[in-house]
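Undergrad: Here's a sequence, model it:
(one chain, ligands or ions: 1)
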Amino acid sequence: MSDLPRSVRVVTDQAFPEISAVPLRLREDFEAAFHAQQQATLATWRMVRAAWDAAATRDKDFVDDELALIMNVHPATAEVLLADVMLAAPFPALLTEWEAGHLTDRHVKAACKELYDRLTETHQRTAVLDRVLQRCHDRAAQGHSWPKPGELGRMIAAAALLLDLDAAHRQEREAADRRGVDTTPLPHGQAQLVVEGPQEQVLEMATAIRARAEEMGREPGDERTLAQREFDAAHELITSGAAGEGTVTRETQVVVPVATATGEADQLGELPGLGPVHPQTCRDLLSRSDTLRRICVDATTGRVLAVDDPVRVGRDPAAIAGTLAAMQTDPVVTRDLSTPAYRPTRRALAFVRTRDRTCRFPGCTRPARRSDVDHEQPWPLGPTDPANLHCLCRHHHRAKQSGLFSVRTEPDGTTVWTLRGGREFRRPPPALLPSC
Ligand SMILES: [Zn+2]
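TA: This is a model prediction of the structure:
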């Protein structure tokens with residue numbers, strides 16, 4: 001526990017520089033205009049619903065055509081609007097939260113997508129949604145922001161998985177049977193290759209491509225962009241099979257609770273950046289692991305407390321079981337986290353990247369492994385210690401350096417970004433495992 005950030009760190013509480021990306025008055029005007037636009041969109045949705053309800057059964061097929069005439073858009077556009085409205089219709093709670101300003105049309109669409117993709121019965125969808133919205137209210141009561149659309153979708157995905165794990169596993173296997181590869185032509189002699197299948201295998205492929213691309217980037221004189229190298233790496237790996245094998249180490253992360261790993265319980269795991277993972281999939285992935293890294297998290301908040309060095313298990317069931325059993329008796333401690341030097345220790349980097357998962361700017365999802373590890377309070381004023389280190393993507397690192405925001409971390413790990421004028425945006429510490 002001694003590694004937790006203990007004190008509130010204030011980075012730039014000195015006089016705010018007289019600059020801001022958006023002047024305060026315009027920001028307030030924007031906020032008012034955005035709120036009005038959201039309320040108008042909500043009113044439109046309600047009118048569309050009323051029009052559908054009022055239409056005679058034989059006319060319902062043509063409601064979208066009439067809407068398209070009024071909006072002066074292609075009928076397909078009106079059809080999409082009508083579909084969005086009707087998908088949300090069984091969930092009045094979503095519209096209530098929208099009206100209250102907690103959600104937007106994007107949230108409602110993201111929520112409906114997960115509810116319909118993952119569950120078949122209306123009563124299941126309602127139960128999952130009620131549970132997730134209650135959790136959002138609880139978090140808001142503790143001062144946290146409402147989730148962004150993608151985060152709301154992941155919360156619903158996790159709650160839907162937990163509702164019926166057997167059914168979810170069956171659905172995953174059926175969906176995996178439809179795996180495949182597709183090509184789509186693009187203009188200017190280009191094309192797209194779409195690989196569709198189980199998320200953990202897609203992630204393994206993506207990780208292999210990125211690892212090879214990073215290796216290519218270390219060659220002197222390579223002036224290709226990262227995206228170009230990733231394409232070239234994918235081409236090389238797919239067309240030449242085993243080329244590069246043995247030279248590239250790659251790491252696919254899946255976070256598995258110990259009780260799930262040992263089969264004692266069916267808690268969800270998580271593929272960082274992708275979302276919740278079925279417990280059985282976790283166990284399958286674990287049996288194919290070359291290394292394990294033990295991470296200790298707070299059981300209530302999911303916050304990372306300690307990160308161990310990786311342990312080599314070489315896909316050996318006995319070694320895997322032994323490492324897991326050691327977790328019950330041998331506490332995970334993180335050593336060598338502080339240094340008087342400017343550059344954090346290797347272990348501190350691993351700890352901070354595991355703890356933060358992404359850039360800490362509210363809503364930013366750029367992965368921690370591609371982010372800078374920044375001193376919140378500049379060194380040497382602030383120490384090189386995880387309590388004073390956080391992950392910021394290059395873009396938001398620059399935003400912080402420009403002085404547009406002040407940043408501080410509260411004792412519970414919540415990062416508070418304050419805009420000029422005092423408006424605060426809070427981002428709670430990420431939970432390592434899915435929340436729902
Ligand atoms: Zn960022």
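Undergrad: roughly how far apart are the most centrally placed residue in the chain and the ion?
TA: The geometric centre of the chain, computed from its C-alpha atoms, lies nearest to Gly273 (C-alpha atoms, centre = their mean), at 4.7 Å. Gly273 sits 14 Å away from the ion, going by C-beta to the ion, to the nearest Å. For the C-beta atoms, the positions are set from N, CA and C on the backbone; glycine is no exception.
Undergrad: ok, Leu24 to Ser402 distance?
TA: 17 Å (C-beta to C-beta, to the nearest Å).
Undergrad: now do Arg312
TA: For Arg312, the distance to Ser402 equals 44 Å [C-beta to C-beta].
Undergrad: And Val73, by the same measure?
TA: Counting by C-beta to C-beta, the gap from Val73 to Ser402 is 40 Å.
Undergrad: what's stretch 336-351 in contact with?
TA: 3, 304, 306-307, 309, 334-335, 352, 373, 379-380, 383-386, 389 (C-beta atoms under 8 Å, 6 or more residues apart in numbering).
Undergrad: Lowest-confidence one in these?
TA: Confidence by pLDDT is poorest for Asp3 among the contacts of stretch 336-351, given 40.
Undergrad: Only the buried residues of stretch 216-226, if you could.
TA: For stretch 216-226, a neighbour-count test (16 or more other C-beta atoms under 10 Å) marks Met216 as buried.
Undergrad: what's the spacing between that stretch and its chain's center?
TA: Centroid separation for stretch 216-226 versus its chain: 29 Å, with C-alpha atoms, centre = their mean, to the nearest Å.
Undergrad: quick one: contacts of that stretch?
TA: So stretch 216-226 is contacted by Ala213, Arg229, Asp232, Ala233 (C-beta under 8 Å, 6+ apart).
Undergrad: Now do the nearest residue to the last one once chain neighbours are set aside against the ion, distance only.
TA: So that's Ala233. Spatially, and ignoring its direct neighbours in sequence, Ala233 is nearest to Arg212 (3.8 Å; C-beta to C-beta, 6 or more residues apart in numbering). Separation of Arg212 from the ion (C-beta to the ion): 25 Å.
Undergrad: Number of residues surrounding Lys236?
TA: No, residue 236 isn't Lys; it's Glu. Look at Glu236: counted by other C-beta atoms under 10 Å, it has 16 neighbours.
Undergrad: Trp45: how many residues sit nearby?
TA: For Trp45, using other C-beta under 10 Å, the count is 21.
Undergrad: give me the element the nearest residue to it once chain neighbours are set aside is part of.
TA: Excluding the flanking residues, the one nearest Trp45 by C-beta to C-beta, 6+ apart is Val85, at 4.9 Å. For Val85, the element it lies in under DSSP states H and E is helix 75-88.
Undergrad: and the helix of greatest length in the chain, which residues are buried?
TA: Looking only at the chain and at elements set by DSSP state H, the helix with the highest residue count is helix 24-54. By neighbour count on 16+ other C-beta under 10 Å, the buried set for helix 24-54 is Arg27, Gln38, Leu42, Trp45, Val48, Arg49, Ala51, Trp52.
Undergrad: okay but the first one is in contact with Leu419, surely?
TA: The one in question is Arg27. Yes - using C-beta atoms under 8 Å, Arg27 is in contact with Leu419, at 7.5 Å.
Undergrad: now the longest helix of the chain against helix 75-88, angle please.
TA: 90 degrees (axes from the mean of the first three to the mean of the last three C-alpha atoms, to 10 degrees).
Undergrad: Counting by contacts, list what helix 24-54 packs against.
TA: helix 63-71, helix 75-88, helix 92-99, helix 105-118 (3 or more C-beta pairs under 8 Å, 6 or more residues apart in numbering; DSSP states H and E).
Undergrad: Any idea how many residues pack against Ala233?
TA: 22.
Undergrad: chain center to the strand or helix carrying it, what's the gap?
TA: Assessed by DSSP H and E, Ala233 sits inside helix 226-239. Centroid separation for helix 226-239 versus its chain: 25 Å, with C-alpha atoms, centre = their mean.
Undergrad: Could I get the buried residue list for that helix?
TA: Quick answer for helix 226-239 (16+ other C-beta under 10 Å): Arg229, Glu230, Asp232, Ala233, Ala234, Glu236, Leu237.
Undergrad: After that helix, which helix or strand is next?
TA: Taking DSSP H and E, what comes next after helix 226-239 is helix 258-261.
Undergrad: which helices and strands does the following helix or strand past that next one pack with?
TA: Following helix 258-261 in sequence order, the next helix or strand is strand 269-271 (DSSP H and E). Helices and strands touching strand 269-271, by 3+ C-beta pairs under 8 Å, 6+ apart, are helix 199-217, strand 275-277, helix 279-287.
Undergrad: hmm, who's touching strand 269-271?
TA: With C-beta under 8 Å, 6+ apart, strand 269-271 has contacts from 199-200, 203, 253-257, 260, 276-279, 281-282, 285, 432-434.
Undergrad: Sounds good, over and out.
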